[in-house]
Every structure is written in C-alpha cells, then in structure tokens.
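> Sequence first, then the predicted structure, then my questions.
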Amino acid sequence: MIESTAGTQTLFRGLAVVEAVASGVPDLPALSRTLGFSRSTTQRLAAALVKAGYLRSADDRYTLGAKLIELGFTAREQVPLAKLARPHLELLAARTQDTVHLCVAEGVEVLYVEKIPGQRGLEMRSRIGHRMPMALTGVGKALMLDMTEPQWLAMYETGIAHTSNRGTPRPWDVYRREMHDYVAQSVALDIEENEIGIHCIAAPIRDAGRSIIAAISVASAVQYLPQERMRALMPEVAATAAAISSSLGWRHRLSTLPDVVLQHRNGQEMSLQHAD
C-alpha cells in the first residue's frame, strides 16, 4: 500500500488532471468540477503540467502535451505488439479451441506476426511470417475498415489477381455492401473467400490515436465454424480486440462501441457450440 503523504497526494492529483484532459475535459472550470478540486489547486496543477510539457494550453483550453506523446511512443516500443497481445490471444484460443491469428498490414497484403494453433487437429496454411492478400482475408478486411470505398475496390481487385488466392471471392457489389456492415460492427468475416473450407472472424486493433494498426482473427474449418457459430463468436472476438487496443492506449466512448462489444460487456450469453 502506498503511504499517503503530501507529495504522493500532489502526484495523484496531477495524474488525475492529465487523465481528465485525456478523457475530454477541456478547461479549468470543468476540470475543477470534475475532479472536485478547488479552482486554485486545479490551476496550480495544470500550470505545472503545462510547464513540464505534459499538457498544452491554448485559448484557455487544455490538451495533452508533447511529453506524453513522446512517452507513449517509448512505451509502445518497449512492449512489442505481439508480446502485449499474446495473453489475450491465448485466452481467446483456449475459449474457442480454434486457431487465433495476429496480423499487420504490409502494402496490399497481411503479414502474420502471431499464431496460436487450434485444438482440433486442423493444420492451416497460415504461419508466422506468411503473407496473404488483404482484401480476401478476415484480418485484411478488419485492417481495411477505415479505408474509403475506392481504396476497398483497389484492394479487392489486387486480391482477386493475387497468386495465392485459393478461395471464392464475393462479387464486388456484395463485397462492398458487406464491408459497410463490417464497418458498423467493427468485425469482419471471411466465408471461404481466401481458402475453400475455411471460415474466419476478425476485428481491428487500434492505438491511442484510434488508428487501426493490426487485427486479430479466429479461424477454423467450415464444419467447426459454421456461419451460425461465427455470428455467436463476433462479440468475443471484438471484445478481445478492444482489450488489446486499450492496452495500447485506445480509449473508447461507450456510446460509440459496436453493438457486438456492448453485448459482450453486458454479459449476454453466447453459444460456443463446437462440432465433434
């Protein structure tokens, strides 16, 4: 237990100011009300944080300062993504018994940086260091969710022509419509589009700047992962991606969370029936 002293109290109050500004509390009166500090205490703390570079002040409004951006990048470099995500991926793999992937974008392809094999004796062609066409994989679609429709089309056409394409891609009109659905859900599906007989559910990982930097997926053979079970697993995959994102500094606003994540967080029961 940390001993309560004047120094530690000031430190925790200063950190509370930083966290309040990070959550969108913009100015001195709002900070004082939100934190329950006197106006003079709040002003003194904010001024010290501005001087140290942890906050910026302009037009009587506060934003996070350059020092925090510097520390954030340092922290990210000290904890590689795969290492940070691994416990979450292992838990997801244990709960589903299916293969779990972590991927990043590499041009028009996805690069597999982590893989936890499933427990069903099924060997998939994916492996760490392997690349596949972005537009035809579940993880690739998850990585594309913030792109524009013309960018989707360019990726789609590249994916169709990719030499490793072994699946049955959707017609463009269907693909485009489904991508808009995936944007709303923050979850993407691959229904034998990348490889015949393989289904996949994927979700994006975001950093502190809300940019998509990676994606995770649960994948298995059609007999183990039929479309009904895919829909049932969507909340868990999305919630796992959100948990990894939070570890990277991403902060969600509850009202903007996808419905599938809200359902999972509210404890809605999900059917995770596994075929024998």
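On my side now, so go ahead.

> contacts and neighbour counts: CA atoms only from here.
OK.

> can you pull out the helices in the stretch 101-250 of the chain?
With DSSP state H, counting those that start in this stretch as the criterion, the stretch 101-250 of the chain has helices at 138-143, 149-161, 172-185, 227-247.

> The closest residue to I216 other than its chain neighbours: neighbour count?
Leaving aside its sequence neighbours, I216 sits nearest to L102 (CA to CA, 6 or more residues apart in numbering; 4.5 Å). The burial count assigned to L102 is 28, neighbours taken as other CA atoms under 10 Å.

> who's in contact with L102?
82, 112-115, 214-217 (CA atoms under 8 Å, 6 or more residues apart in numbering).

> any chance of those in CSV, with neighbour count too?
Output for these, formatted as CSV (neighbours: other CA atoms under 10 Å):
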residue, neighbour count
A82, 14
Y112, 23
V113, 17
E114, 22
K115, 22
A214, 25
A215, 28
I216, 31
S217, 32
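
> okay, and for the stretch 51-200 of the chain, where does confidence drop off?
The stretch 51-200 of the chain contains residues with pLDDT under 70 at 73, 75-79.

> Please report how far T163 lies from E109.
The gap separating T163 from E109 is 12 Å, by CA to CA, to the nearest Å.

> more crowded one of those two?
Neighbours per residue (other CA under 10 Å) separate T163 from E109, with E109 holding more: 22 against 10.

> Contacts only, for M132.
Applying CA under 8 Å, 6+ apart, we find M132 in contact with 109-111, 164.

> Report the buried members of those residues.
With burial judged by 16 or more other CA atoms under 10 Å, the buried subset of the contacts of M132 is 109-111.

> just to revisit the earlier point, wait, which of the helices of the stretch 101-250 of the chain is closest to R56?
Checking those against R56 by CA to CA gives helix 227-247 as the closest, at 23.5 Å.

> still on that earlier bit, show me which pair in the contacts of M132 is furthest apart.
Pairwise distances across the contacts of M132 peak at 13.5 Å for L111 and S164 (criterion: CA to CA).

> quick revisit: which residues does the residue nearest to I216 form beta bridges with?
Residues in a beta bridge with L102, per DSSP bridges, are E114, I216.

> what sits against the residue nearest the centre of the chain?
In the chain, the residue lying closest to the centroid (CA atoms, centre = their mean) is I205, at 2.1 Å. By CA under 8 Å, 6+ apart, I205 lies in contact with 212-216, 241-242, 244-245.

> In TSV, list those residues along with pLDDT.
Shown next, in TSV, are the contacts of I205 (pLDDT from 0 to 100):
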residue	pLDDT
I212	96
I213	95
A214	96
A215	97
I216	98
A241	96
A242	95
I244	95
S245	94
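
> For K67, state which of these is nearest.
Using CA to CA, S245 comes nearest to K67 of these, at 21.3 Å.

> quick one: that closest one and S211 touch, right?
No. When contacts are counted by CA atoms under 8 Å, S245 is not listed as touching S211 (10.0 Å).

> higher neighbour count, the two?
Each of S245 and S211 has its neighbours counted (other CA under 10 Å); S245 has more, 26 against 14.
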